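Novice: predicted model, plus sequence, below.
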Amino acid sequence: MEHGGNLVNRTIMLPASVDEAVEALAVTPGAVPVAGATDLMEAVNAGRLRPAALIGLGRITELRGWRYEDGGTAVLGAGLTHARMDRPDFAALIPALADAARTAGPPQVRNVGTLGGNIATAAPTGDTLPVLAALEATATLARAGAVREVPISHLLTGLDPLRPGELLTWVRVPLLHAPQVFLKSTGRSGPARAAASVALVLDPARRGVRCAVGAVAPVPLRPLEAESWVAGCIDWDARGAEGAVLIDPAALAAFGEYVAGACVPEGGAHGEGAGSAAARLRRTVAVLARRALGRALK
Amino acid sequence: MTDELLNHPGALTGDVRPTASYTLRVNGVERPVTDAWIGESLLYVLRERLGLAGAKDGCEQGECGACSVQVDGQLVNGCLVPAALAADSEIGTVEGLSGAGGASDVQQALADSGAVQCGYCTPGLAMAVHDLLQRNHRPGEVEARQALCGNLCRCTGYRGALAAVQAVADAREAALEAELDAAEQAAAAGPAAEPPAAAPPQPDHGAELPLYADSELWHEADQLIPAQPQGETPRTGGYAYPPTPPHGTPVPADWQQAPGEPFGAPAPGTDPFGTVTYQDAGPYDGTVYATDGYGTQYPGYDATPAHGIRLPEDENA
């Protein structure tokens, strides 16, 4: 199809490149960019959203893959599907993101649901979001004639939100070449929304531990004090040695409690006690964080 | 979340019901869709505009998988695909699984292994099993469970569906081995042996028939409808087809009313079939019609009603 031919129909636009998509978004500011549509159609079916026009991003093949940059960064396309992220070649690259993508939903949803859609929807239970927060990823936002980089955390918290006419195109993720763990607690054994999730990555070059807790708050939470504390408890020099114990089990348990205390507030109006919802959630987060660090250091 | 969506710049501005016209390629046939609202899901368009009711509408949230279809070879939830964005894609539905009317091996295996009870999830399950076996010819138990985890079945408990996966995988492997054996034997018989005769060309109905003619259910429904007796044509010789209408009640030959009698008004005390006499039973006279087998008698009511649930023993029972 000739350039711009896809943009003639103003209610449905199917651009084939980022430039075309940005141009279409500039021409029709009311249009909704659609990638996998799993969150969008759920809202449309429920009557919560009536789009004025749709910009289908599925034809932008450049956004469906990833590339390497500067040797230490992977630039992931926003159109990368969860099913693609689950594949072994990607899992070798960013294991925690692959684990999050694997548990994100049933195959029917993972086949179309995208990384960029997960960020743009910014649902509290979005499974890739704690991983991106722990990895301190940044997003590339494109608009007609301009491109800017925003940390994912600024995007999610609304510190620097997506502006009108902007399109989420790429996600920059540092390649750490170290163990990464994503753990998730759900209400049933099948695919389900997370009650709580923990993403934990090791950064051996900087001797750091980065952890993010998802689904317990509107955005992923980073327990920064617990991270810096536990990084000092790890015997980094023993990494790779046969049979080395990198951390005291008591420190593992304390890390879990530290993370849970930092991310789940006291019961407040709902009362505090062993059986309260807040107490149960805190225990869940504590167990997830303890296990995540334990697996990462195994 | 609701507020955020309604505050989206795309929401509720300008045209309230923007439409689009496009062509969907469903099971290899081009199907035009005109002036459809752009928010219509592929499931809705397939069912309501194209008459392909195989995919079922369960939750409209992507939780149940009853609407599973294939778009460009990928299993997706039809309810979560904007139909307008699926234009130019290859769409496969459960109607495309069954060839010329017969059930596919996947559908037959689901039926044989008891994976079908109420049947609502079955088209989605059939598509999920079909998709799994396309990608993985020998799925293990865990792989099968992972592949079917997006399809909810509240009747059968999935064992039948998992058994069907293994049954189809076994049958396909056996068929492949038999084919290879036959080819080996043919090769061993020497180059002089006649090549097997090409299969006679099958009549291709795909192009002419409407899409739903592919559906197994429609085919079976057609089989259930008996040939209608044609007017007063006398049947010559052989077995005279009993004039039993589809509702199953034999109609006497002289069922027609006398001229002038309005249709549907039975003669006093009789009905058109002449089998039951209408009587006004009058007010309840206290007659006992049934007992529960333990000596308790319920005036006027059977001990266990047809739905099998004993009603409480009060005057309203």
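Specialist: Structure received. Numbering: from 1, shown residues only, chains lettered A, B, ... in the order given.
Novice: around chain A, pick out the residues from the stretch 51-200 of chain B.
Specialist: Neighbours of chain A within the stretch 51-200 of chain B, by CB under 8 Å from any CB of the partner chain: B:60-62, B:65, B:68, B:71, B:74-77, B:79-82, B:84-85, B:87, B:128, B:131, B:146-147, B:149-151. In this view, the C-beta of every residue, glycine as well, is placed from N, C-alpha and C.
Novice: show me how to select, in ChimeraX, the buried members of those residues.
Specialist: To isolate the buried ones among these in ChimeraX, judged by 16 or more other CB atoms under 10 Å in any protein chain shown, type:
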select /B:60,62,65,68,71,74,75,76,77,79,80,81,82,84,85,87,128,131,146,147,149,150,151
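Novice: next, A:Ala260: secondary structure please.
Specialist: helix (DSSP: H, G, I helix; E, B strand; the rest coil).
Novice: only C-alpha atoms, please: export stretch A:81-97 in PDB.
Specialist: Taking Å, rounded to 0.1, in the frame of the first residue of the first chain, the C-alpha atoms of stretch A:81-97 are listed here in PDB:
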ATOM      1  CA  THR A  81       4.000  -9.900  22.800                       C
ATOM      2  CA  HIS A  82       3.900 -11.800  26.100                       C
ATOM      3  CA  ALA A  83       4.100 -15.000  24.100                       C
ATOM      4  CA  ARG A  84       7.300 -13.800  22.400                       C
ATOM      5  CA  MET A  85       8.900 -12.700  25.700                       C
ATOM      6  CA  ASP A  86       8.200 -16.200  27.100                       C
ATOM      7  CA  ARG A  87      10.400 -17.900  24.500                       C
ATOM      8  CA  PRO A  88      13.800 -19.300  25.600                       C
ATOM      9  CA  ASP A  89      16.000 -16.800  23.600                       C
ATOM     10  CA  PHE A  90      14.300 -13.900  25.400                       C
ATOM     11  CA  ALA A  91      14.300 -15.700  28.700                       C
ATOM     12  CA  ALA A  92      18.100 -16.000  28.500                       C
ATOM     13  CA  LEU A  93      18.200 -12.300  28.100                       C
ATOM     14  CA  ILE A  94      15.900 -11.000  30.800                       C
ATOM     15  CA  PRO A  95      14.600 -14.000  32.800                       C
ATOM     16  CA  ALA A  96      12.400 -12.000  35.200                       C
ATOM     17  CA  LEU A  97      10.500 -10.400  32.300                       C
END
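Novice: restricted to strands, list the residues of the stretch 51-200 of chain B next to chain A.
Specialist: The strands, defined by DSSP state E, take in B:Ser68, B:Val71, B:Gln74, B:Leu75, B:Val76, B:Asn77 from those.
Novice: Serialize those residues to JSON lines and add fields for pLDDT.
Specialist: Shown next, in JSON lines, are those (pLDDT from 0 to 100):
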{"residue": "B:Ser68", "pLDDT": "96"}
{"residue": "B:Val71", "pLDDT": "96"}
{"residue": "B:Gln74", "pLDDT": "94"}
{"residue": "B:Leu75", "pLDDT": "96"}
{"residue": "B:Val76", "pLDDT": "96"}
{"residue": "B:Asn77", "pLDDT": "96"}
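Novice: and which of the residues you listed is nearest A:Arg193?
Specialist: B:Asn77 (15.7 Å; CB to CB).
Novice: show me what contacts that closest one?
Specialist: By CB atoms under 8 Å, 6 or more residues apart in numbering or on different chains, the contact list for B:Asn77 reads A:Thr38, A:Gln108, A:Val109, B:Leu43, B:Gly62, B:Gly65, B:Cys67, B:Ser68, B:Gly150.
Novice: now do the phi/psi pair for the fourth one.
Specialist: The phi/psi pair for B:Leu43 (degrees, to the nearest 10) reads phi -60, psi -50.
Novice: for it, which non-adjacent residue is spatially closest?
Specialist: Nearest residue to B:Leu43, sequence neighbours excluded (CB to CB, 6 or more residues apart in numbering or on different chains): B:Gly78, at 3.5 Å.
Novice: residues in contact with the one you found?
Specialist: Here B:Gly78 is in contact with B:Ser41, B:Leu42, B:Leu43, B:Leu46, B:Ala55, B:Cys67, B:Ser68, B:Val69 (criterion: CB under 8 Å, 6+ apart).
Novice: hmm, 10 Å instead?
Specialist: Going by CB atoms under 10 Å, 6 or more residues apart in numbering or on different chains, B:Gly78 touches A:41, A:108, B:41-47, B:52, B:54-57, B:62, B:65-71, B:86, B:91, B:93, B:124, B:127.
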